[in-house]
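**Q** just coords:
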């Protein structure tokens, strides 16, 4: 897996971040809601359990799991069309961020 993470201002106070992850085994790009450490991750999963998450699935706290929520941005990306891929990733990532901000603000 290859990834980069960033922290939108609305998630900073909660010690949460967004990771854009390329999963080599799946040949897919994903967006992850993640915590700054394992305690933040476990606390956020506990806080969100039982809440309606819509299309999202809450991760389970277990060794090797770094996400709180994962979403596929694109499966089987077309690297021969980089501009279209960029637009797809950007649009879906922005929607994921908005959904996470809304979910965590409730």
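**A** Good, I have the coordinates. Note that the coordinates shown come from a computational prediction; the quantities given were computed from them, not determined experimentally.

**Q** could you point out the helix or strand that follows the helix or strand hosting residue 73?
**A** Residue 73 is part of strand 69-75 when elements are defined by DSSP states H and E. Downstream of strand 69-75, the first helix or strand assigned by DSSP H and E is helix 82-105.

**Q** report the rounded mean pLDDT for that next one.
**A** For helix 82-105, mean pLDDT is 96.

**Q** what's the angle from that helix to strand 69-75?
**A** Helix 82-105 and strand 69-75 are oriented at 160 degrees to each other (axes from the mean of the first three to the mean of the last three CA atoms, to 10 degrees).

**Q** output the contacting helices and strands for helix 82-105.
**A** helix 9-12, strand 16-23, strand 28-35, helix 38-48, strand 69-75 (3 or more CB pairs under 8 Å, 6 or more residues apart in numbering; DSSP states H and E). Using the backbone N, CA and C atoms, a C-beta is placed for each residue, glycine as well.

**Q** middle-most residue in the chain, spatially?
**A** residue 32 (1.7 Å; CA atoms, centre = their mean).

**Q** list the contacts for that one?
**A** Applying CB atoms under 8 Å, 6 or more residues apart in numbering to residue 32 gives the contacts 3, 18-19, 21, 66-71.

**Q** list the buried residues in the strand holding residue 73.
**A** 69-71, 73 (16 or more other CB atoms under 10 Å).
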